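Chemist: coords please:
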Amino acid sequence: MIRQLFGYIRKRPFLWIIGLVMPTLTSFAINFGFSVSLNYYTAELTREDASFRNILIIMSVTAVTLVTAVIIEDVSRYIFSAFVVKTQNEVKHDIYKSVVNTKYSLLNNADRGEFYTYYNSDSEMMVNIISADLFAILFPLVHAIGYFIALFAINVIIGGLVSSLTVAIIFLNWVFINKFKQLEKETLAAREDFVRITDTAIRGKITVRQLQIGDAIAGRIVEKADGIYHMGKKGIRLNLYRKVTLEFLATICTSLITPIACILAATNSIELASTVMIAQICRFIIMQTNGLGTAVQQLSIHMVSYNRLQKVLQLPNEYEQKEEMDQIILTNEEKTAIVFSNFSVAYKNENWILNDVNAEIKSGEITALIGPSGSGKSSIVKALMGLIDYTGDIHIFGIEARRIKPKDLRSHIAYSPEHGQLFEENSILDNLLYVAPDKTDEEIFDVLHDLSLGDLDVNRNANTLSGGQRLRVALARALLKDSEIVILDEPTSALDSESESIVLQIMDTLKQRGKTVILISHRRSTIRNADKYLIISDTQLYQYDTYE
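Modeler: Residues are numbered from 1 along each chain as shown. Modelled structure (predicted):
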């Protein structure tokens, strides 16, 4: 765990060391220097032969030293903020890479609200551990140690009394830390619920209106928000209890130590000028001890976020696991694109969706995959693309699919999903360029023209498209990928007869170009020209040459 955190530090050690150490040392120098100069200043004033010249020298040296230290501290803090920003971006990038590179089956039941919290909140809390939290601990710790040394140097009794009160303050902080830690776990879970339901409501805004369930959804959102609100109130109360308790001890410290210092000065155990320095240092020690308690409290809260993030950052990378896998090499002699041998898929490893089926799909043919909803059509597609586990074998162009690198496998398969899922907040052009970044504008518009989308403004956001337009843009995206295997999932479900005929012509063109087309559709008019038919029924897969 610590190794992973310091892995980010090793990437920018200079920024981290300068930003962490320099502000701490310079701030200590400022406060301690001020206390020392105040001591000298007081001693000079109590002398019978005090001179204005000596007082002016003390004040001038103090001013120059303090200004220099403040400048160094501010520059160091700026350097540290640069480290924080760069590291936060890096952690968020690592979260994204971990999610997109892991196995689909590990994310199948992932919660959107949970991932939003990981990415937007937990990532920043994780970086705080090696930046703000570490700084907030080191800063008061260095100050307190220095001040304790100074106190013990002045008088052992004073040093011992202040140490005892400081231990009491640290113990009380520890008691409150455990309460804050539990509260943070509950708050994060409540925020995930809130994000999940609000995200669902926003994405389903049309459905909410159609079903007239706005009040019910709003009630659930308010309920979740109230939960977060009450946890916030609980946190405020805890902070209040902590502050009152610690302030009480701090008041005892300052009220008790100053009179004792005066008594010691009256008995000539310490110099009179030292009483001012003791009062000043006591104030600093209490302030830094409280700051240390707050810092440790924040660290414990942020560790909750870090521990949550581990299950994301430690997800196995499916691409790294298959570095020595095979590559697909196409030859003109390969007549069979896909072969299923004793192929089985189960839902949650319990109920069989497909059980011990055998089938083959010829290269350069259109094969219709037919079956009722939930029969296993999507499972076949996911298995072909290496997204889910299965038993038996799938050979693609003569190579067992598990032996093929995932990126290589998916580069040979173009998929047009049901309902035409697109990246909603991106432009149409961006959606197309994601899969075909090297395509020219002319090639892109040729494909769009073939799908009767030639007049479409490609700079529009994808969420402005109609259902039929979305299907055709998704199909255009699959065609631009120019893969050997093309899977079309309900490509005509939201199209009129004229648009459907265009899609059928495109499938014929793909066949003429030697592409292997897998067509999933419930429309008889869409599948009538298929060369082969794979029909799923009761966990079995039956192969026919004609639909009848």
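
Chemist: center of the protein - which residue?
Modeler: In the chain, the centroid-proximal residue (CA atoms, centre = their mean) is residue 119; its distance is 2.1 Å.

Chemist: That one and residue 106, how far apart?
Modeler: Distance, residue 119 to residue 106, by CB to CB, to the nearest Å: 17 Å. Bear in mind the C-beta positions are built from the backbone N, C-alpha and C, glycine included.

Chemist: Next: residue 359.
Modeler: 28 Å.

Chemist: Can you check which helix is longest in this protein?
Modeler: Determined from DSSP state H, the single longest helix within the chain is helix 214-266.

Chemist: quick one, the following helix or strand past that helix and helix 214-266 angle?
Modeler: Next helix or strand after helix 214-266 toward the C-terminus (DSSP states H and E): helix 272-313. Helix 272-313 runs at 150 degrees relative to helix 214-266, counting by axes from the mean of the first three to the mean of the last three CA atoms, to 10 degrees.

Chemist: and helix 272-313, what other elements does it pack with?
Modeler: Contact here means 3 or more CB pairs under 8 Å, 6 or more residues apart in numbering; DSSP states H and E; on that basis helix 272-313 packs against helix 13-46, helix 52-101, helix 123-128, helix 134-154, helix 156-203, helix 214-266.

Chemist: Among the ones you listed, single out whichever gets nearest to residue 338.
Modeler: helix 52-101 (25.1 Å; CB to CB).

Chemist: Which SSE is immediately downstream of that closest one?
Modeler: Assignment by DSSP H and E places the next element after helix 52-101 at helix 104-107.

Chemist: Just the CA trace of that next one, in CSV.
Modeler: Coordinates of each C-alpha in helix 104-107 appear next as CSV, following Å, rounded to 0.1, in the frame of the first residue of the first chain:
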residue,chain,number,x,y,z
TYR,A,104,-15.7,-7.0,-18.6
SER,A,105,-17.0,-9.7,-16.3
LEU,A,106,-15.4,-7.9,-13.3
LEU,A,107,-17.4,-4.8,-14.1
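
Chemist: Averaged pLDDT, it. What do you get?
Modeler: Across helix 104-107, pLDDT averages out at 73.

Chemist: Show me what it is packed up against.
Modeler: Going by 3+ CB pairs under 8 Å, 6+ apart, helix 104-107 lies up against no helix or strand.

Chemist: List the buried residues of that helix.
Modeler: Across helix 104-107, burial judged by 16 or more other CB atoms under 10 Å covers no residue at all.

Chemist: Show me the contact partners of it.
Modeler: Identification of contacts with helix 104-107 by CB atoms under 8 Å, 6 or more residues apart in numbering yields 99, 315-316, 382, 387-389.

Chemist: Would you mind giving the residues you listed as JSON lines with secondary structure added?
Modeler: JSON lines is the format used below for these (DSSP: H, G, I helix; E, B strand; the rest coil):
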{"residue": "99", "secondary structure": "helix"}
{"residue": "315", "secondary structure": "coil"}
{"residue": "316", "secondary structure": "coil"}
{"residue": "382", "secondary structure": "helix"}
{"residue": "387", "secondary structure": "coil"}
{"residue": "388", "secondary structure": "coil"}
{"residue": "389", "secondary structure": "coil"}
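
Chemist: Produce a PyMOL select command limited to the buried residues of these.
Modeler: Buried residues among the contacts of helix 104-107 (16+ other CB under 10 Å), as a PyMOL selection:
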select buried, resi 99+315+382+387+388
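
Chemist: pLDDT below threshold where in the stretch 1-150 of the chain?
Modeler: Applying pLDDT under 70 to the stretch 1-150 of the chain flags the ranges 1-2, 31-50, 52, 55, 58, 108-113.

Chemist: Okay, strands next: where are they in the stretch 301-450 of the chain?
Modeler: For the stretch 301-450 of the chain, the strands defined by DSSP state E, counting those that start in this stretch occupy 336-347, 351-362, 366-370, 391-396, 399-400, 413-416.

Chemist: now the last one: how far from the chain's centre is it?
Modeler: Once both centres are worked out by CA atoms, centre = their mean, to the nearest Å, strand 413-416 turns out to sit 28 Å from its chain's centre.

Chemist: What lies in contact with that strand?
Modeler: Residues contacting strand 413-416 (CB under 8 Å, 6+ apart): 381, 384-385, 435, 471, 474-475, 477-479, 481-489, 491.

Chemist: what about 7 Å?
Modeler: Strand 413-416 is contacted from outside by 381, 384-385, 474-475, 478, 481, 483, 485-489, 491, using CB atoms under 7 Å, 6 or more residues apart in numbering.

Chemist: Make CSV from these and add pLDDT and distance to residue 197 to it.
Modeler: Formatted as CSV, these follow (pLDDT from 0 to 100; distance: CB to CB, whole Å):
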residue, pLDDT, distance to residue 197
381, 90, 30
384, 91, 35
385, 88, 31
474, 87, 28
475, 88, 34
478, 88, 34
481, 87, 36
483, 88, 38
485, 92, 39
486, 92, 38
487, 92, 34
488, 89, 34
489, 88, 29
491, 84, 33
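
Chemist: Out of the residues you listed, which end up buried?
Modeler: The neighbour count (16+ other CB under 10 Å) marks 381, 384-385, 474-475, 478, 481, 483, 485-489, 491 as buried among the contacts of strand 413-416.

Chemist: Just the ones of those in strands?
Modeler: Here DSSP state E is the test, and these give 485-489 as lying in strands.

Chemist: tell me which of the residues you listed is nearest to residue 181?
Modeler: Relative to residue 181, and with distances defined as CB to CB, the nearest of these is residue 489, at 47.0 Å.

Chemist: Touching, that closest one and residue 518? I think so.
Modeler: No - the pair residue 489 and residue 518 fails to qualify as a contact (CB atoms under 7 Å) at a distance of 8.8 Å.

Chemist: nearest residue to residue 360 other than its sequence neighbours?
Modeler: Excluding its sequence neighbours, the residue lying closest to residue 360 (CB to CB, 6 or more residues apart in numbering) is residue 339, at 4.6 Å.

Chemist: Can you report how many residues lie near that neighbour?
Modeler: For residue 339, the neighbour count with other CB atoms under 10 Å is 18.

Chemist: does it have beta-bridge partners, and which?
Modeler: Beta bridges link residue 339 to residue 360, residue 395 when assigned by DSSP bridges.

Chemist: From residue 474, how far out is it?
Modeler: In terms of CB to CB, residue 339 sits 28 Å off from residue 474.

Chemist: ok, which stretches of the stretch 401-548 of the chain are helices?
Modeler: With DSSP state H, counting those that start in this stretch, the ranges of helices along the stretch 401-548 of the chain come out as 406-411, 428-435, 441-450, 467-481, 497-512, 524-527.

Chemist: So which residues make contact with the third one?
Modeler: It refers to helix 441-450. 432, 454, 456, 476, 479-480, 506.

Chemist: For residue 122, give me its contacts.
Modeler: 305, 308-309.

Chemist: if I look at the closest residue to residue 463 other than its chain neighbours, how far off is residue 235?
Modeler: In space, and not counting its chain neighbours, residue 463 is closest to residue 424: 4.3 Å by CB to CB, 6+ apart. According to CB to CB, residue 424 and residue 235 sit 36 Å apart.
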